[in-house]
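> Give me coordinates for this.
(chains A and B)
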Amino acid sequence: MTSHALLQAPPTVADRPAAAPPALAISARGLTRRFTSGSQVVEAVRGLDLDVADGELVAFLGPNGAGKSTSLRMLTTLLAPTSGHATVAGHDVVAHPAAVRRAIGYVGQGNGAGHNQRVRDELVVQGRAYGLGGAEARRRADELLAALDLEALAGRKVSTLSGGQRRRLDVALGLVHRPRLLFLDEPSTGLDPHSRANLWEHILRLRAEHGMTIFLTTHYLDEADTMAERVLVMDHGRVIADDTPAALKAELAGDRIVIGTLGEHDGERVARIARQLGDVRGADVGSTSVSLRVADGAALLPDLLRALDAGSVIVRSAEVRRPTLDDVFLALTGRSLRESESTPATPEDVR
Amino acid sequence: MSTAVIHDTRLVLHRELRPLLSEPFSVLFSLIQPLFFLALFGPLLVSVSGLGEAASLQWFVPGILVMSALFGASTTGANLSQEIHTGSHERMLVTPLSRPALLMGRALKEIVPVFAQAALIVAVVVPFGFDPSPAGLIGLVILAAFGVGLGSLSYALALAVKEQDWIFWTVQQTLLFPLMLLSGMLLPLDDGPSWLRVMADFNPLKHVVDAERTLFAGTVGDPTVLYGALAALGVAAVGLWVGIRGMRRAAA
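Model (predicted):
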């Protein structure tokens, strides 16, 4: 089974409680971060403008070193911006970091729980760090142990947990104070498909129950595609696209209709007929097949097949290929996101 | 100090102590080094000094107590290094916990091994003729202040080197030995060349060692005690200041 099959679509806006006032969870203007390493100055984030409304589930998608984590670290008070400003949960990240910290939950790339601590102890400490009393912190810890299937591990040392268990504990730590806004930095990196699906099941259920805003970074295409309601594509420190995954794919990549023909030179005819029917953005014509880039392949295909039949073109095969976010990234940057993986670009990678 | 800082410091201290209490062997393990010095260096000292076992121990044991505090507190930053590495330090930084408390809670933990190790070492050497005066308890309080200060500096170093822990160990080892040798911990400085004695006078650790010897011998009203206390408090003040500053910057 692929991870695709295991991952469920996120609940839609209508599933969430309507109590949340329509407000901005995150607002950033011109947020910039430069790193100096030796004589080299790297601009990890270049003038990020961002508005995230209350209740949204937004993903930063981009290759390693694109500036995703640096942006997240600025929004969560871990890193001071070089310039620009940001308001998170209604508070300025530079002027009032403590107020931001009280309001947000954060699950970093590493393991939040100390390796020589015990699972339940860390949850209790976390609760008390957010001002809960002892009894209340213990009650909340037990609640989260149950909610994230960690009850059996309560007394275990963190270092003995599996990767997936540790990640669930990290999420539990981020949720102790019931934040309205949760940041997740590469939440499922390094997890096997089953643990990823399991983690997301928990995150999405908790979100459906509490109406949290979730802001995550990922370099997993399918994760951004299936989980996020809005994707910000980031590359070289800039946001280069911002929309729903479906809109990004439709506008920037589009579907492909691949028609196999019997006649040797029917490819050109297929492309010509298709252009008369609808918006064809490009055609790769081969000898016995043609690949057409179109906005809505599923809607165009029946008309195209009828028109080809009427035009006496014998169709051997027909296929609609749905675009992926990798096609979007390719269309935007000329590079595949998978290829970009191996080229670290900013100190973020060596941090 | 506001109540929030005290609350947070207690919480951080509590978190630091818990693994220590659930695995007391980790404290005992750090005793191996001083015990080796007692067992293998002590007899040499007895024969060189010609003072006899009890008198040699009376001089040597307070130095060993300082040594175990020195080794323990100066390496404690490695624990923070590990937490920086794994990500749990970052998680603490995103909580509203007060930044000074994040440092002070960790630093105050150093008090515990000072007393635990002293109790054990003293128990080991009393049968061999070591005669600890109750005034030694004042010595341990002074030593605890020194441990808090040195521990803070060790944390500040860990924060400064971030994930490059080899720099941490290089700096720690480079500073550890001159500090130790210039303290008169292992051999008396009295017979050394004058330049060495002058250098030692600038080493706060030397004054702490002198104060420990005086106090464990039962003398309280001696200037060495005052100098030792001032040196330890100075290290504590500087250490906490540097450490808290480092922790505030870590958040930025």
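
> Could you use CA atoms for every contact and neighbour count after this?
OK.

> ok, how many other residues are close to residue 142?
Unless you meant another one, I'm taking chain A. 17 (other C-alpha atoms under 10 Å in any protein chain shown).

> meant chain B, my bad for not saying
Neighbour count of B:Ile142, defined by other C-alpha under 10 Å: 21.

> Find the nearest non-adjacent residue to it, please.
Of all residues not flanking B:Ile142 in the chain, B:Ala229 sits nearest, at 5.6 Å (C-alpha to C-alpha, 6 or more residues apart in numbering or on different chains).

> and that neighbour, what does it touch?
B:Ala229 makes contact with B:142, B:208, B:211, according to C-alpha atoms under 8 Å, 6 or more residues apart in numbering or on different chains.

> can you check B:Asp165 too?
B:78, B:81, B:158.

> pLDDT score for it?
pLDDT recorded at B:Asp165 is 83.

> where does the stretch 101-250 of chain A come near chain B, residue by residue?
Residues of the stretch 101-250 of chain A lying close to chain B by C-alpha under 8 Å from any C-alpha of the partner chain are A:101-102, A:106-117, A:125-126, A:128-130.

> re earlier: scan the contacts of B:Asp165 and report the most crowded one.
B:Ala158 (27 neighbours).

> close enough to count as contact, that residue and B:Ser81?
Yes: the pair B:Ala158 / B:Ser81 is scored as a contact, 5.5 Å apart, by C-alpha atoms under 8 Å.

> ok so, going back, looking at the contacts of B:Ala229, which are in helices?
Under the assignment DSSP state H, those contribute B:142, B:208, B:211 to helices.

> Can you name the residues that contact the first one?
Neighbour list for B:Ile142: B:208, B:228-229, B:232-233 [criterion: C-alpha under 8 Å, 6+ apart].

> Looking at the contacts of B:Asp165, spot the one nearest B:Val220.
Ranked by distance to B:Val220 (C-alpha to C-alpha), these are led by B:Ala78 at 35.7 Å.

> A:Ile257 pairs with what?
A:Ile257 has these beta-bridge partners by DSSP bridges: A:Leu292, A:Val320.

> what sits against it?
Here A:Ile257 is in contact with A:291-294, A:297, A:301, A:318-321 (C-alpha under 8 Å, 6+ apart).

> Tabulate the residues you listed (TSV), appending neighbour count and pLDDT.
Output for these, formatted as TSV (neighbours: other C-alpha atoms under 10 Å in any protein chain shown; pLDDT from 0 to 100):
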residue	neighbour count	pLDDT
A:Ser291	23	88
A:Leu292	26	89
A:Arg293	21	86
A:Val294	25	87
A:Gly297	22	87
A:Leu301	18	92
A:Ala318	16	92
A:Glu319	14	92
A:Val320	19	92
A:Arg321	16	89
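
> SS state for B:Ala119?
Here B:Ala119 is helix, with the state taken from DSSP: H, G, I helix; E, B strand; the rest coil.

> can you check A:Leu232 too?
strand.

> residue contacts, it?
A:Leu232 is in contact with A:58-61, A:239-243, counting by C-alpha under 8 Å, 6+ apart.

> Return the per-residue confidence for it.
For A:Leu232, the predicted pLDDT is 93.

> picking that back up, wait, which of the contacts of A:Ile257 is closest to chain B?
A:Arg321 (41.1 Å; C-alpha to the nearest C-alpha).

> Was I right to think that closest one contacts A:Gly254?
No: under the criterion of C-alpha under 8 Å, A:Arg321 is not in contact with A:Gly254, lying 9.2 Å apart.
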